[in-house]
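Undergrad: how would this look folded up:
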Amino acid sequence: MSDDSTDTELADEVIDAELVDDDALFGLGSDGVDAEPRGPLSDEEALVETVELAQRLEAEKNEYLDLARRVQADFENYRKRTEAQRVEIVSQATARLATELLPVLDACEAAEAHGLEDVAPIHGQLLQMLAKHGLVPVSAVDVSFDPNIHEAVLTEEAADDDDGPTVAEVLRTGYLWNGRVIRAAMVKVRG
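TA: Here you go, the predicted model:
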């Protein structure tokens with residue numbers, strides 16, 4: 001045998017020794033216990049495995065159910081928010097229309113004040129139609145002065161028995177639209 005063949009045989013033995021682990025060769029783990037399943041599970045092991053699988057599936061189902069409920073709640077909140085925005089936009093648009101009609105109402109009042117009674121039916125019908133949608137005139141006399149709905153432009157002395165400032169005369173009718181002031185009443189205040 002030559003030296004070359006001896007060296008080759010020694011190298012092959014070293015490589016074989018490094019590659020082959022006796023435990024791995026027989027399917028054993030580092031602790032000497034089988035690393036691979038032995039075959040069919042016992043009834044008890046199968047039951048434990050089935051219960052664990054059922055628990056994992058139940059947890060996953062609950063997670064998806066929670067997610068679905070959150071998405072549904074988010075959608076419901078979105079729907080309510082967009083509906084409220086839609087109602088607000090419609091309300092603002094109709095309030096703007098009512099505000100633009102105020103000069104027409106003022107002209108009708110002025111015409112009636114000058115004795116033109118032919119305008120009264122149109123004025124009444126216009127007020128009635130706008131009242132159905134939320135217009136409320138502010139034109140009462142002898143009520144307490146409220147700076148939120150009245151604009152004081154004139155004052156007069158009050159009698160000693162008055163309980164505070166009151167509206168003595170309405171110089172220009174004010175209007176509320178669905179509870180909001182779209183124009184304050186211009187008034188003369190006593191007190």
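Undergrad: contacts, neighbours, all on C-alpha from now
TA: Fine.
Undergrad: Where does pLDDT dip in this protein?
TA: Counting by pLDDT under 70, the chain has low-confidence residues at 1-39, 160-162.
Undergrad: Break it into its domains for me.
TA: Structural domains of the chain, as assigned by automatic domain parsing, span the residue ranges 42-133, 136-191.
Undergrad: out of the ones you listed, deepest packed?
TA: Ranked by average neighbour count under the criterion mean count of other CA atoms under 10 Å, these are headed by domain 136-191 at a mean of 17.
Undergrad: Would you mind measuring the gap between the ends of it?
TA: The first and last residues of domain 136-191 sit 26 Å apart, counting by CA to CA, to the nearest Å.
Undergrad: for stretch 176-190, same thing?
TA: Between the opening and closing residues of stretch 176-190 there is a gap of 23 Å (CA to CA).
Undergrad: List the contacts of it.
TA: 95, 99, 133-139, 145, 148-158, 165-175 (CA atoms under 8 Å, 6 or more residues apart in numbering).
Undergrad: cool, and stretch 145-164?
TA: In this structure, residues lying in contact with stretch 145-164 by CA under 8 Å, 6+ apart are 138, 144, 165-167, 174, 181, 183-191.
Undergrad: same deal with stretch 116-132?
TA: With CA under 8 Å, 6+ apart as the contact definition, stretch 116-132 has outside contacts at 98, 105, 108-109, 111-112, 135.
Undergrad: quick one on the thing from earlier: in strands, which of the contacts of stretch 145-164 appear?
TA: Counted as lying in strands by DSSP state E, out of the contacts of stretch 145-164, are 138, 166-167, 174, 181, 183, 185-190.
Undergrad: Closest one to L47 out of these, please.
TA: Of all the ones in strands among the contacts of stretch 145-164, the one with the least separation from L47 (CA to CA) is V181, at 73.4 Å.
Undergrad: Who is the closest one paired with across the strands?
TA: Legend: beta-bridge partners of V181 under DSSP bridges are L176.
Undergrad: how far away is it from Y64?
TA: Where Y64 is concerned, V181 sits at a distance of 49 Å (CA to CA).
Undergrad: Next up, the contacts around A95.
TA: Taking CA under 8 Å, 6+ apart, we find A95 in contact with 177, 182.
Undergrad: and the residue most central in space within the chain, which of the three is it?
TA: Centroid check for the chain by CA atoms, centre = their mean gives R81 as the closest residue, at 4.2 Å. The local conformation at R81, judged by DSSP: H, G, I helix; E, B strand; the rest coil, is helix.
Undergrad: where exactly do the helices run in this structure?
TA: Along the chain, the stretches classed as helices by DSSP state H are 3-19, 22-25, 43-113, 120-132.
Undergrad: The longest one relative to helix 120-132, how many degrees between them?
TA: Here helix 43-113 runs at 160 degrees with respect to helix 120-132, directions being taken by axes from the mean of the first three to the mean of the last three CA atoms, to 10 degrees.
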